[in-house]
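> Here is a sequence with its predicted model. Questions after.
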Amino acid sequence: MRGALSANLMAWFFWRPKPFLFLSLLLPNLAFSEQLARVAPDEVGLPVTLTVALDSCLREATDKKQVAGAEAMVLLGDSIVYHGTAGFIQRIPQPVPIRNDTLFDLASLTKMVATTTSIMILVDRGEVSLSDPVAMYMQDFDREGFRDITVWNLLTHTSGLPPLIGFPKEYRGKVIYRRHLFDLPLRSKPGEKRVYSDTGFIVAGWLVEEISGLWLDKFVEKNLFEPLGMTKTFFNPPYHEWTRTAATELCPWRDKVMRGEVHDENSYSLGGIAGHAGLFSTVYDLAVFCRMMLQGGEWNGVRILKEETVETMLTAQTVPKEDFQGLGWWLQEERGQKSGSLISAKTFGHTGFTGTSLWMDPDYDVAVILLTNAIHPRREDAERTPLRQAFHDAVVRAVEGLNPSGGKR
């Protein structure tokens with residue numbers, strides 16, 4: 001479906017019954033249970049003390065209220081060598097302890113898990129090229145300055161689009177957002193410099209919709225989540241899932257604690273479905289996604305991306321003055337500033353504003369999934385970096401004695 005939908009149709013789409021989500025309550029995550037097994041660290045050559053060390057990292061962060069709650073998982077190959085929780089799903093208005101398999105607002109991990117993956121699926125199918133101008137598919141971009149923005153520019157934060165669209169309270173819905181996007185001047189010429197841009201990924205999400213004829217959430221559900229059995233990953237979690245969803249901020253302009261609804265203001269104003277933020281997921285589902293990436297785009301006999309496509313995504317792009325930017329993903333050079341030290345130069349990952357992160361090392365076949373609601377109840381009190389650095393450094397100390405696997409890619 002191309003172009004704008006009416007407000008009534010938009011509302012029906014967001015709140016209509018979703019059989020796939022209903023069935024997910026009744027069925028286990030089959031892709032997860034068939035392939036990933038929990039093992040003690042010493043069974044795969046890691047120190048027996050790893051569990052204690054990582055538990056301590058989570059507890060310290062929650063005890064110091066650097067984050068409200070945390071759930072983490074560490075994979076070595078197809079083995080779960082750590083899974084732990086600490087803290088609270090919410091602290092206010094009343095404390096609720098965290099549970100296994102909590103749903104977290106992924107914030108900017110949406111850019112990687114949903115939007116970048118979707119764009120590259122379309123590239124694999126020959127439906128779009130990274131060098132194509134966005135204006136080929138979105139006619140409103142055929143204007144001075146904007147017509148030179150390419151798909152590659154969107155994924156590498158070199159589009160020149162501003163970092164944020166700053167009018168979530170005034171404007172609601174994609175049609176109005178797109179109309180007013182062009183009131184904002186470009187920060188630079190496309191390709192001239194890298195400026196991290198939520199706006200660029202909002203446009204990338206629209207691009208998926210224009211090319212595929214599906215809303216972003218439906219495209220990624222059909223082409224990624226359902227094939228991989230990621231039954232607890234979605235935009236706009238259904239109401240019956242809200243009690244297991246980690247709370248985020250006590251939002252002043254929405255006048256409530258955000259729980260079960262996306263925290264990001266722009267995504268919220270776009271109906272909770274946007275290319276830069278809005279996705280919710282669990283450590284279990286993200287473990288499956290990580291294994292797909294580390295195995296070169298394939299998991300459990302299901303191929304999502306071509307192996308060479310994954311290699312391209314994880315190759316440093318020619319970005320002015322930066323050498324850590326892959327296609328969407330951040331590469332090893334940036335990682336040290338964000339999440340401590342992982343082992344090899346091939347490490348890649350990303351973080352999310354709410355306190356989430358994914359980091360993977362293909363040489364050691366390691367994935368670290370760290371999900372927190374650090375901004376609950378106030379973003380000003382969040383301290384994401386100490387936990388990220390301590391947790392990932394503890395993983396490094398455990399893994400550094402292993403021989404590199406050579407990667408699965």
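Received the coordinates, thanks.

> For the residue nearest the centre of the chain, which non-adjacent residue is spatially closest?
For the chain, the residue nearest the mean C-alpha position is Leu109 (1.7 Å; Cα atoms, centre = their mean). Nearest residue to Leu109, sequence neighbours excluded (Cβ to Cβ, 6 or more residues apart in numbering): Gly352, at 4.5 Å. For every residue, glycine as well, the C-beta is placed using N, CA and C.

> so who does the one you found touch?
Contact analysis of Gly352 by Cβ atoms under 8 Å, 6 or more residues apart in numbering lists 105-110, 277.

> roughly how far apart are it and Ser129?
29 Å (Cβ to Cβ, to the nearest Å).

> likewise Val368?
In this view, Val368 and Ser129 are 33 Å apart by Cβ to Cβ.

> Give me the buried positions along stretch 83-99.
83-91, 96, 98 (16 or more other Cβ atoms under 10 Å).

> low pLDDT regions in the stretch 301-409 of the chain?
Residue ranges of the stretch 301-409 of the chain with pLDDT under 70: 333-343, 405-409.

> Show me the helices in it, by range?
Under the criterion DSSP state H, counting those that start in this stretch, the stretch 301-409 of the chain contains helices at 307-313, 332-339, 384-399.

> Identify the residues contacting the longest one?
Contacts to helix 384-399, defined as Cβ under 8 Å, 6+ apart, come from residues 41, 46-47, 50, 53-54, 57-58, 60-61, 66-67, 70, 72, 74, 76, 338-343, 351, 355, 357, 359, 361, 364, 366, 368, 370, 372, 374.

> which of those are buried?
Among the contacts of helix 384-399, those classed as buried by 16+ other Cβ under 10 Å are 41, 46, 50, 53-54, 57-58, 61, 66-67, 70, 72, 74, 76, 338-340, 342-343, 351, 355, 357, 359, 361, 364, 366, 368, 370, 372, 374.

> Mind checking which of those residues land in strands?
Mapping those onto strands (DSSP state E) picks out 70, 72, 74, 76, 351, 357, 359, 361, 366, 368, 370, 372.

> check contacts around the first one.
The one in question is Ala70. So Ala70 contacts 58, 61-62, 85-87, 98, 355, 370-372, 387 (Cβ under 8 Å, 6+ apart).

> Please report phi then psi for Met138.
Dihedral pair for Met138: phi -130, psi 100, per degrees, to the nearest 10.

> That one reaches Trp206, doesn't it?
Yes: Met138 is in contact with Trp206 according to Cβ atoms under 8 Å; the separation is 6.6 Å.

> so where does Ser118 fall, helix or strand?
Take DSSP states H and E as the rule and Ser118 turns out to sit in helix 117-124.

> any idea which element the residue sitting furthest away from the middle of the chain lies in?
Within the chain, Glu144 marks the point farthest from the mean C-alpha position, 32.0 Å out by Cα atoms, centre = their mean. For Glu144, there is no enclosing helix or strand under DSSP H and E.

> measure it to Met136 for me?
Glu144 is 17 Å from Met136, by Cβ to Cβ.

> thinking again about what came up before, quick one: which of Met138 and Trp206 has more around it?
Trp206 (24 against 20; other Cβ atoms under 10 Å).

> can you confirm the more buried one is in a strand?
No: according to DSSP: H, G, I helix; E, B strand; the rest coil, Trp206 belongs to no strand; its state is helix.

> what's the spacing between it and Ala114?
Between Trp206 and Ala114 the distance is 13 Å, computed by Cβ to Cβ.

> Overlap of the contact sets of the two?
By Cβ under 8 Å, 6+ apart, Trp206 and Ala114 have these common neighbours: 216, 275.

> can you give me phi and psi for Ile149?
Backbone torsions of Ile149, given as degrees, to the nearest 10, read phi -70, psi 130.

> ok, back up a step: quick check: the two most widely separated of the contacts of Gly352?
Asp105 and Ser108 (10.5 Å; Cβ to Cβ).

> Trp329 touches Glu311, doesn't it?
No: at 11.8 Å, Trp329 and Glu311 do not qualify as touching, with contact defined as Cβ under 8 Å.

> Next, count neighbours for the closest residue to Trp359 other than its chain neighbours.
Closest residue to Trp359 in three dimensions, ignoring its sequence neighbours and counting by Cβ to Cβ, 6+ apart: Gly349, at 3.4 Å. Gly349 has 26 neighbouring residues, counting by other Cβ under 10 Å.

> Now do Gly349 against Lys306, distance only.
21 Å.

> same check, this time on Glu241
33 Å.

> Ok, Ser212 next?
Ser212 sits 18 Å away from Lys306, going by Cβ to Cβ.

> Of those two, which one has the most company?
Neighbour totals were compared for Ser212 and Lys306, and Ser212 leads with 22 against 16 (other Cβ under 10 Å).

> residues contacting that one?
118, 122, 127, 219.

> just these now: which is nearest Trp152?
Nearest to Trp152 among the contacts of Ser212, with distances taken as Cβ to Cβ, is Leu122, at 13.3 Å.

> Just put the helices of the stretch 301-409 of the chain in TSV and tack on distance to Leu164.
As requested, those are exported to TSV (distance: least, Cβ to Cβ, whole Å):
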stretch	distance to Leu164
helix 307-313	25
helix 332-339	20
helix 384-399	19
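
> Could you identify which of these is most buried?
Counting by mean count of other Cβ atoms under 10 Å, helix 384-399 has the highest mean neighbour count of these, with a mean of 21.

> can you map out the helices along the stretch 1-150 of the chain?
Here the stretch 1-150 of the chain has its helices, by DSSP H, counting those that start in this stretch, at 7-15, 19-26, 30-35, 50-63, 109-110, 117-124.

> scratch that, the stretch 151-300 of the chain is what I was asking about
Using DSSP H, counting those that start in this stretch, helices in the stretch 151-300 of the chain cover 151-155, 174-181, 198-212, 216-220, 226-228, 265-269, 283-294.
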